[in-house]
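**Student:** fold the following for me, if possible:
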Amino acid sequence: MVVGACATADGIRALRGVDGVDGFESIVYASPGLIRSLDTATSVSEHVRVDLELRGCPVDRERLRGVLSALLAGHEPDPLDERVCVDCKLRGLTCTAATDGVPCLGPVTHVGCGALCPTRRCGCSDPLSPPALIPLPERS
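**Tutor:** Next up is the predicted model:
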């Protein structure tokens, strides 16, 4: 099992695929020549077999507890089938896309984050998709 955006999708390091590392190193580091970076950013599943991914940044504490409890009891964890929009409605949050005109990926993002972005009046940035909890061999 891998946990978190960095392990499942290589998190913030995946940005290096957008513009490469060169443009960022000179801004971030005082002596970029001393930094040894990898050429590419990859997820753990690109290197070893992963049976289960729990996405998110941060990973929802209750979701992690539920997954670990299910696994320790010998059960399959429940997949996250609902979308963030449902979570927002259950929490009584107004839709940031409809009321504030803020782009939001809530309709296509699986629940599991506690509607973290919309709770702060930001549109969902989709840290959990592809499906937040799915056995990798079943992916198409």
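**Student:** hmm, which helix or strand of the chain has the shakiest average pLDDT?
**Tutor:** The weakest-scoring helix or strand in the chain, judged by mean pLDDT, DSSP states H and E, is helix 16-19 (a mean of 55).
**Student:** can you give me the neighbour number for His110?
**Tutor:** 23 (other C-beta atoms under 10 Å). (Each C-beta comes from the backbone N, C-alpha and C, glycine too.)
**Student:** confirm for me that it is in contact with Cys85.
**Tutor:** No. Assessed by C-beta atoms under 8 Å, His110 is found out of contact with Cys85, at 11.0 Å.
**Student:** now do Gly112 against Ser26, distance only.
**Tutor:** Distance of Gly112 to Ser26, given as C-beta to C-beta, to the nearest Å: 36 Å.
**Student:** neighbour-wise, which of the two wins?
**Tutor:** Remark: of Gly112 and Ser26, Gly112 carries more neighbours, 26 against 12, as counted by other C-beta under 10 Å.
**Student:** and the more buried one, how close does it get to Thr40?
**Tutor:** Distance, Gly112 to Thr40, using C-beta to C-beta: 27 Å.
**Student:** check which helix or strand covers Cys88.
**Tutor:** Applying DSSP states H and E as the criterion places Cys88 in helix 84-90.
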